[in-house]
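A.B. asks: Pasting the sequence and the predicted coordinates here, then a few questions.
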Amino acid sequence: MSTIHFIDHAGKTRTIEATVGDSVMETAVRNGVPGIVAECGGSLSCATCHVFVDPAQYDALPPMEEMEDEMLWGAAVDREDCSRLSCQIKVTEGMDLSLTTPETQV
């Protein structure tokens, strides 16, 4: 089982069982998680699925590629050291990931 803990900017947590192989963004959209807009549907052409990964878990994720890094500079809320685009994080077996959504995506 894989689990994603979505924490909104006010601190409310929503825990969702995720499907291995899906992106974290797909998991959020499918489950109506507020704070994930996903305008481009995961095609890496916007930054409306920006999240802040728990810093203790950030290094366990595969590193971001150049395009994701560039897209994060266009996010509505300033990027941080633990910023990622949730469309680029694949759910893996046994994943237990905590992340926070920014106050706004647009």
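C.D. replies: Thanks, I have the structure now.
A.B. asks: what ranges do the helices span in the chain?
C.D. replies: 24-30, 55-58, 66-72 (DSSP state H).
A.B. asks: Can I get those helices in a markdown table including distance to Glu93 and mean neighbour count?
C.D. replies: For the C-beta atoms, the positions are set from N, CA and C on the backbone; glycine is no exception. Compiled in a markdown table, those are given as follows (distance: least, CB to CB, whole Å; neighbours: other CB atoms under 10 Å):
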| stretch | distance to Glu93 | mean neighbour count |
| --- | --- | --- |
| helix 24-30 | 14 | 22 |
| helix 55-58 | 16 | 12 |
| helix 66-72 | 23 | 15 |
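A.B. asks: can I get those helices in CSV with distance to Gln105 and mean pLDDT?
C.D. replies: Below are the helices of the chain laid out as CSV (distance: least, CB to CB, whole Å; pLDDT from 0 to 100):
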stretch, distance to Gln105, mean pLDDT
helix 24-30, 11, 98
helix 55-58, 20, 98
helix 66-72, 12, 97
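A.B. asks: Just send those back as CSV, with distance to Glu39 too.
C.D. replies: CSV is the format used below for these (distance: least, CB to CB, whole Å):
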stretch, distance to Glu39
helix 24-30, 11
helix 55-58, 24
helix 66-72, 12
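A.B. asks: nearest to Ser98, of those?
C.D. replies: The minimum distance between Ser98 and the helices of the chain falls on helix 55-58, with 6.5 Å, by CB to CB.
A.B. asks: which residues are contacting that closest one?
C.D. replies: With CB atoms under 8 Å, 6 or more residues apart in numbering as the test, helix 55-58 has contacts from 81-82, 84, 97-98.
A.B. asks: Buried ones only from the residues you listed, please, as a ChimeraX command.
C.D. replies: Per 16 or more other CB atoms under 10 Å, the buried members of the contacts of helix 55-58 correspond to this ChimeraX selection:
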select :82,84,97,98
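A.B. asks: Closest to Val24 out of the contacts of helix 55-58?
C.D. replies: For the contacts of helix 55-58, the nearest to Val24 is Leu97 (7.0 Å; CB to CB).
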